[in-house]
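K.L.:
sequence first, predicted coordinates after that:
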Amino acid sequence: MAEIRECEKFLECLSAHFDGELDEELLVEFEQHLRFCSNARAVVSTFERTIILHRQARPDRVPRGVHKRLLEAIEKCRDCDE
């Protein structure tokens with residue numbers, strides 16, 4: 001049961017860890033947890049791969065005219081609610 005609580009605490013601070021926002025004490029606990037928990041290591045590995053893939057992805061270009069048509073559709077919907 002204590003292991004589950006440790007993993008829950010780990011998951012709560014996962015994003016802060018990747019953002020470099022953990023204080024030193026929590027960072028030590030985080031790293032210790034990783035040493036002993038294969039599930040936590042798998043989560044970190046998956047999170048890291050996701051970040052890498054996201055950074056490598058190229059944004060799709062919106063075809064010409066789509067932006068204008070989208071704004072017109074939003075305006076039309078807004079007018080319907082009034």
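P.N.:
In hand now; what should we look at?
K.L.:
this structure: helices as residue ranges?
P.N.:
Assigned by DSSP state H, the chain shows helices spanning 2-12, 14-18, 24-36, 38-56, 66-81.
K.L.:
with mean neighbour count added, can I get those helices in a markdown table?
P.N.:
Backbone N, C-alpha and C define where each C-beta goes, glycine included. Output for the helices of the chain, formatted as a markdown table (neighbours: other CB atoms under 10 Å):
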| stretch | mean neighbour count |
| --- | --- |
| helix 2-12 | 12 |
| helix 14-18 | 14 |
| helix 24-36 | 12 |
| helix 38-56 | 11 |
| helix 66-81 | 9 |
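K.L.:
just put those in TSV and tack on mean pLDDT.
P.N.:
Formatted as TSV, the helices of the chain follow (pLDDT from 0 to 100):
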stretch	mean pLDDT
helix 2-12	73
helix 14-18	85
helix 24-36	88
helix 38-56	88
helix 66-81	79
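K.L.:
just give the closest residue to residue 30, not the sequence neighbours.
P.N.:
residue 17 (5.7 Å; CB to CB, 6 or more residues apart in numbering).
K.L.:
ok, now how distant is the one you found from residue 35?
P.N.:
As judged by CB to CB, to the nearest Å, residue 17 and residue 35 stand 14 Å apart.
K.L.:
same check on residue 13?
P.N.:
For residue 13 relative to residue 35 (CB to CB), the value is 16 Å.
K.L.:
ok, residue 63 next?
P.N.:
On the measure of CB to CB, residue 63 and residue 35 end up 50 Å apart.
K.L.:
how about residue 72?
P.N.:
Distance from residue 72 to residue 35, by CB to CB: 56 Å.
K.L.:
next up, the contacts around residue 19.
P.N.:
Listed by CB atoms under 8 Å, 6 or more residues apart in numbering, the contact set of residue 19 is empty.
K.L.:
same check on the one 10 residues further on?
P.N.:
For residue 29, the contacting residues are residue 9, taking CB under 8 Å, 6+ apart as the criterion.
K.L.:
swap in residue 6?
P.N.:
So residue 6 contacts 33, 37 (CB under 8 Å, 6+ apart).
K.L.:
go again with 7 Å.
P.N.:
Neighbour list for residue 6: residue 33 [criterion: CB atoms under 7 Å, 6 or more residues apart in numbering].
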